[in-house]
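A.B. asks: Quick one: sequence and predicted model below, then my questions.
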Amino acid sequence: MAGRRVLVFPSSAELGPVLAQLVTSRAEKAISSHGRFTLGLSGGSLVSMLSKELLALSELDCSKWLVGFCDERLVSFDDPESTYGLYKSQLFSKINIPESGILTIDCSLPVNECAEDYTRKLKEVFPDDDFPVFDLLLLGMGPDGHTCSLFPDHPLLEETKKIVAPISDSPKPPPQRVTMTFPVVNSARCVAFISTGGSKAPVLKEVLEDGEASPFPAARVAPTKGELFWLVDEPAAASLTIQVERLGSGAKL
Ligand SMILES: O=C1O[C@H](COP(=O)(O)O)[C@@H](O)[C@H](O)[C@H]1O
């Protein structure tokens, strides 16, 4: 796929610092061009890696960051499944991001209303865009090829109008979630997948090597104007036969 970069690191220890460098370099670029940095976060294994790597930086100024969630589980914020809850304890409470810079869901609402409420919040902060244009979206991919809360064979894969969609039958618990849709994901200025561990190897091969023929949701991520990075470790990349870039912890993106 034109413009896609597949970057393979020996392990997550080398990948992590490059992820942090990608975030800070896109933040710097965004703030100098339009005064703020809009970042969409995923949950799962990304939470601890990103938190650890950002906190390891000697200087991190998040005062102009606006953070949203690529997907969120409809549970209370103190539930261990809450993506916001995990970022709050591992990252937000330790950096200088203003409270107004974090767009949380209203987890007291039923799932359909929660998605509508989150759509409204996004429209408020992206008033000029039909679909919000995030400076950077960080995505994960499950071993079933899902990304955000967009699961294989689910009708939400065909959503073309909504910004945020509700899902109440997520095959991965918890079942009720809200998720950004593909039109939002593919409008971003930069999208980066972070995928580590041998359990991702078979699906990663299919997603990256089968192109448009791949039935997996992650294969549908193709920003119309933005950059697309896949940051993976050797165990996840073990089955790949396509050309990749092999990098170390000092790489600059
Ligand atoms: O349920 C989810 O899973 C995906 C993938 O998570 P990972 O732990 O396999 O990396 C994650 O990106 C998504 O935000 C989350 O809700």
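C.D. replies: Perfect, thanks for sending it.
A.B. asks: The ligand contacts on the stretch 1-150 of the chain?
C.D. replies: 42, 43, 44, 45, 46, 70, 71, 139, 140, 141, 142, 149 (C-beta under 6 Å from any ligand atom). Every residue, glycine included, has its C-beta placed from N, CA and C.
A.B. asks: phi, psi of the residue nearest to the fourth one when sequence neighbours are not counted?
C.D. replies: Nearest residue to residue 45 in three dimensions, chain neighbours excluded: residue 140, at 6.3 Å (C-beta to C-beta, 6 or more residues apart in numbering). Summarising the backbone geometry of residue 140 under the convention degrees, to the nearest 10, its torsions are phi -110, psi 170.
A.B. asks: what's residue 140 in contact with, if anything?
C.D. replies: Residues counted as contacts of residue 140 (C-beta atoms under 8 Å, 6 or more residues apart in numbering) are 42, 43, 44, 45, 46, 147, 193, 194, 195.
A.B. asks: what separates stretch 150-157 from the chain centre, distance-wise?
C.D. replies: With C-alpha atoms, centre = their mean, to the nearest Å as the basis, stretch 150-157 stands 17 Å off its chain's centre.
A.B. asks: hey, where'd the strands end up in the protein?
C.D. replies: Using DSSP state E, the strands found in the chain span residues 4-9, 37-41, 65-69, 71-73, 136-139, 164-167, 177-180, 190-195, 227-233, 245-246.
A.B. asks: Comparing the ones you listed, which comes out most buried?
C.D. replies: Of all the strands of the chain, strand 177-180 has the most neighbours on average by mean count of other C-beta atoms under 10 Å, namely a mean of 29.
A.B. asks: and that one, does that touch the ligand?
C.D. replies: No. Strand 177-180 does not reach the ligand (C-beta under 6 Å from any ligand atom); its nearest approach is 6.8 Å.
A.B. asks: Give me the distance between the residue nearest to residue 216 when sequence neighbours are not counted and residue 48.
C.D. replies: Once flanking residues are discounted, residue 216 sits nearest to residue 145: 2.9 Å by C-beta to C-beta, 6+ apart. Distance of residue 145 to residue 48, given as C-beta to C-beta, to the nearest Å: 22 Å.
A.B. asks: Those two - which one has more neighbours?
C.D. replies: Shown here are residue 145 and residue 48; by other C-beta atoms under 10 Å, residue 145 has more neighbours (22 against 13).
A.B. asks: May I have the phi/psi pair for that one?
C.D. replies: Per degrees, to the nearest 10, the backbone of residue 145 is at phi 90, psi 10.
A.B. asks: State the distance from it to the ligand.
C.D. replies: Per C-beta to the nearest ligand atom, to the nearest Å, residue 145 is found 10 Å from the ligand.
A.B. asks: contacting residues around the residue nearest to residue 250 when sequence neighbours are not counted?
C.D. replies: For residue 250, ignoring the flanking residues on the chain, the nearest one in space by C-beta to C-beta, 6+ apart is residue 17 at 7.7 Å. Listed by C-beta under 8 Å, 6+ apart, the contact partners of residue 17 are 53, 56, 249, 250.
A.B. asks: which of those count as buried?
C.D. replies: Neighbour counting by 16 or more other C-beta atoms under 10 Å classes residue 53 among the contacts of residue 17 as buried.
A.B. asks: Which ones among the contacts of residue 17 map onto helices?
C.D. replies: residue 53 (DSSP state H).
A.B. asks: With respect to the ligand, which of the contacts of residue 17 is nearest?
C.D. replies: residue 53 (14.9 Å; C-beta to the nearest ligand atom).
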